[in-house]
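[1] No sequence on hand, only this structure:
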Ligand SMILES: Cc1cc2nc3c(=O)[nH]c(=O)nc-3n(C[C@H](O)[C@H](O)[C@H](O)COP(=O)(O)OP(=O)(O)OC[C@H]3O[C@@H](n4cnc5c(N)ncnc54)[C@H](O)[C@@H]3O)c2cc1C
C-alpha cells in the first residue's frame with residue numbers, strides 16, 4: 001500500500017480495539033471518544049497531506065509503492081533534506097504542538113532497519129525481524145508510539161532490575177510462539193491512537209546476568225492480549241476551536257502501559273536478554289540521530305510558532321516599541337535562529353554512517369536537543385510576561401454570541417485588534433502557555449527526550465574533548 005490517507009488511519013484505529021482506559025472505564029472506539037476524537041482527526045489530516053502533496057511527502061520504494069518520506073533510508077544528502085522538508089510540513093500543521101506525530105518513530109525504525117547487522121550480531125533472526133518490521137510498518141504506514149522507561153519506586157535505585165524488579169517490564173518466559181513479558185512502562189504518548197507500540201531499552205542496564213530479563217526491544221500490536229493503556233485526564237474538554245485552539249485539535253494523551261503476561265511473537269523481537277546490545281542500541285544504530293532530526297525540525301517550527309504568537313501579541317497590545325518587549329522578542333528570535341542554525345549545520349554536514357545510511361551530523365542536533373528543554377520554558381514564560389492579565393480577560397465563544405456582545409466589543413478592543421480577534425489571540429496564547437494543554441507542552445519539552453541531566457552527560461561523552469585538552473596542555477608548555 002505505502003503512504004495512507006486519513007480515512008485509512010481512522011478506520012484502522014476504529015477496528016483495532018486496544019484496551020484503553022480513561023476515567024475508570026474502557027474507552028471504546030477512540031475515533032469517536034471525546035478525549036481522543038479531535039487528535040484523531042488531526043492525525044488523519046497529517047496522513048491526508050501525503051495524499052495531497054505526494055511529491056513533497058512521499059518517495060518511491062524498491063517495492064514500487066509510494067511511502068511516507070519519514071520512512072526513507074537516505075542514500076544522499078538530498079534525501080536527508082527531503083525528509084526534513086516533509087518533517088517540517090507535518091510540524092507546521094500543529095505549530096510543533098504534536099510531539100508524537102508518526103514521523104518521529106518512522107525515522108527511528110528506518111535507522112534500526114538499516115543497522116540490521118547490529119541486531120543480527122545478537123541473533124540472526126533479530127536482524128531479519130527488524131528489516132521485515134520496517135518494511136511492514138512502511139507498507140501499512142502504521143502509527144506507532146514507544147515506551148522506554150520502567151517505573152521506579154525509588155529514584156536512588158540505579159537500574160530497573162535492582163530494587164524495582166517486580167515493577168519493571170521484564171521477560172518472564174520464552175515459548176515456541178514468542179516471549180512472554182510482564183510489568184509496566186511509562187509513558188506512551190499517543191497510546192490510544194497508535195496501532196503499534198515499540199518497546200525499546202530504557203536507561204542503561206548494569207552489565208550482569210540479573211539485568212538480562214530487562215534487556216528487551218520489541219514491537220507489539222496495541223491490541224495484543226494483556227496490553228493495557230491507562231490514560232491521564234484528557235486536556236481536550238470539548239471546547240470550540242475559538243475557546244481552546246490547541247487542545248481542541250492536538251491533545252495527544254499520555255498513558256501508563258501495563259503488560260499483563262503479553263506474548264510477543266518471535267518475529268517482532270529485536271533484542272532479548274543481550275544487555276550490551278540493549279545499552280548500545282540507540283547510539284550504535286543511528287536511531288537516536290534520526291529521532292533528533294525530526295525533533296529539531298519540529299522544535300524549529302515550534303519556536304517560530306511561539307515567536308509569531310509573541311509578535312502578534314506585541315502588535316495587538318501596541319507594545320512593539322517597549323524596550324523590554326523588544327528585548328524579550330529578541331531572546332525568542334535568538335532561540336529560533338539557534339534551532340534553525342543547528343538544523344542547517346546538521347543537514348549541511350550529513351554523511352553516511354557505518355550502516356550506509358546518510359545521517360545528519362549528530363553534534364548540532366545534540367546541541368539543539370540539549371538546549372530546547374532549557375529554552376522552551378522561557379519562550380512560554382515570555383508569552384506570559386508580555387500578555388499578563390490579557391490571558392485572563394478572555395471571555396468564551398458563547399459570550400460573543402450573547403447579549404454581552406456590545407460590552408465585549410467596546411471594552412476588549414485594542415489599538416491593534418477588534419475585541420473578538422484580540423480574545424481569540426490571547427486564548428491561543430493561554431492554550432500554548434497556561435492551560436493544562438500548555439502546561440503539558442512545557443513539561444513535554446523539558447523531559448520527553450529524557451532526563452536533561454543525563455542527556456547533558458551523554459553529550460559530554462559524545463564530544464571528543466581530547467584535542468581541545470591537548471591544545472590547553474600545549475599552550476601551558478609554550479616557552480614564550
Ligand atoms: C509529557 C511527557 C510525555 C512523555 N512521553 C513519553 C513517551 O511517549 N515514551 C516514553 O518512553 N517516555 C515518555 N516520556 C517520559 C520521558 O522519557 C521521561 O520523562 C524522561 O526520560 C525523564 O524520566 P523521569 O520522568 O522518570 O524523570 P526522573 O528520571 O525521575 O527525573 C526527574 C528529575 O529528577 C532528577 N533526578 C533523577 N534521578 C536523579 C538522581 N539519581 N540524582 C539526582 N537527580 C536525579 C532528574 O534530573 C530530573 O530533573 C514522557 C514524558 C513527558 C513529561
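    Thanks, I have the structure now. Values in this document were obtained by computation on a predicted structure and should not be read as measured data.
[2] Wasn't residue 186 part of a helix?
    No - assignment of residue 186 by DSSP: H, G, I helix; E, B strand; the rest coil gives strand, placing it outside any helix.
[3] That one against residue 258, yeah?
    No - the pair residue 186 / residue 258 is not scored as a contact, 9.8 Å apart, by Cβ atoms under 8 Å. C-beta coordinates here come from the backbone N, C-alpha and C atoms, glycine included.
[4] List, one by one, the residues from the stretch 301-450 of the chain near the ligand.
    440, 443-444, 447-448, 450 (Cβ under 6 Å from any ligand atom).
[5] swap in the stretch 151-300 of the chain?
    Close to the ligand, as judged by Cβ under 6 Å from any ligand atom, the stretch 151-300 of the chain has residues 155, 187-189, 254.
[6] sorry, back to before: next, give me the two most distant ones among the residues of the stretch 301-450 of the chain next to the ligand.
    Pairwise distances across these (Cβ to Cβ) peak at 17.2 Å, for the pair 440 and 450.
[7] out of the two, which sits in the more crowded spot?
    Using other Cβ atoms under 10 Å as the criterion, residue 440 and residue 450 rank with residue 440 on top: 20 against 17.
[8] OK, contacts around that one?
    Applying Cβ atoms under 8 Å, 6 or more residues apart in numbering to residue 440 gives the contacts 235, 254.
[9] Does it lie in a helix or a strand, and which?
    helix 436-447 (DSSP states H and E).
[10] is the next helix or strand along the chain from that helix up against the ligand anywhere?
    Sequence-wise, the next helix or strand downstream of helix 436-447 (DSSP H and E) is helix 452-462. Yes - under the criterion of Cβ under 6 Å from any ligand atom, the ligand is reached by helix 452-462 at residue 453.
[11] quick check: mean pLDDT across the helix or strand following helix 452-462?
    Later in the chain than helix 452-462, the nearest helix or strand by DSSP H and E is helix 466-477. Helix 466-477 comes out with an average pLDDT of 98.
[12] now do stretch 30-40
    On average, stretch 30-40 scores 98.
[13] same deal with stretch 108-121?
    Here stretch 108-121 scores 98 as its mean pLDDT.
[14] How about stretch 67-84?
    Here the average pLDDT along stretch 67-84 is 98.
[15] measure it end to end?
    Criterion Cα to Cα, to the nearest Å; first-to-last residue distance in stretch 67-84 is 15 Å.
[16] same question, stretch 186-194
    Terminal residues of stretch 186-194 lie 15 Å apart, using Cα to Cα.
[17] rewinding a little: for the helix holding residue 440, buried residues please.
    By neighbour count with 16 or more other Cβ atoms under 10 Å, helix 436-447 contains the buried residues 436-438, 440-442, 444-445.
[18] helix/strand/coil for residue 408?
    What three-state DSSP gives for residue 408 is helix.
[19] if I read this right, it contacts residue 399, doesn't it?
    Yes - counting by Cβ under 8 Å, residue 399 is a contact partner of residue 408 at 6.4 Å.
[20] shared neighbours, these two?
    Common neighbours of residue 408 and residue 399 (criterion: Cβ under 8 Å, 6+ apart): none identified.
[21] what about stretch 397-405, average pLDDT?
    Averaged over stretch 397-405, pLDDT sits at 98.
[22] Quick check: end-to-end length of it?
    Using Cα to Cα, one end of stretch 397-405 lies 10 Å from the other.
[23] Pull out the buried positions in it.
    So, applying 16+ other Cβ under 10 Å, buried residues of stretch 397-405: 397, 399-400.
[24] and which of the residues you listed is nearest to residue 149?
    Nearest member of those to residue 149, counting by Cβ to Cβ, is residue 397, at 38.9 Å.
[25] ok, now which ones touch the closest residue to that closest one other than its chain neighbours?
    In space, and not counting its chain neighbours, residue 397 is closest to residue 242: 4.2 Å by Cβ to Cβ, 6 or more residues apart in numbering. By Cβ under 8 Å, 6+ apart, the contact set of residue 242 is 396-397, 424, 427.
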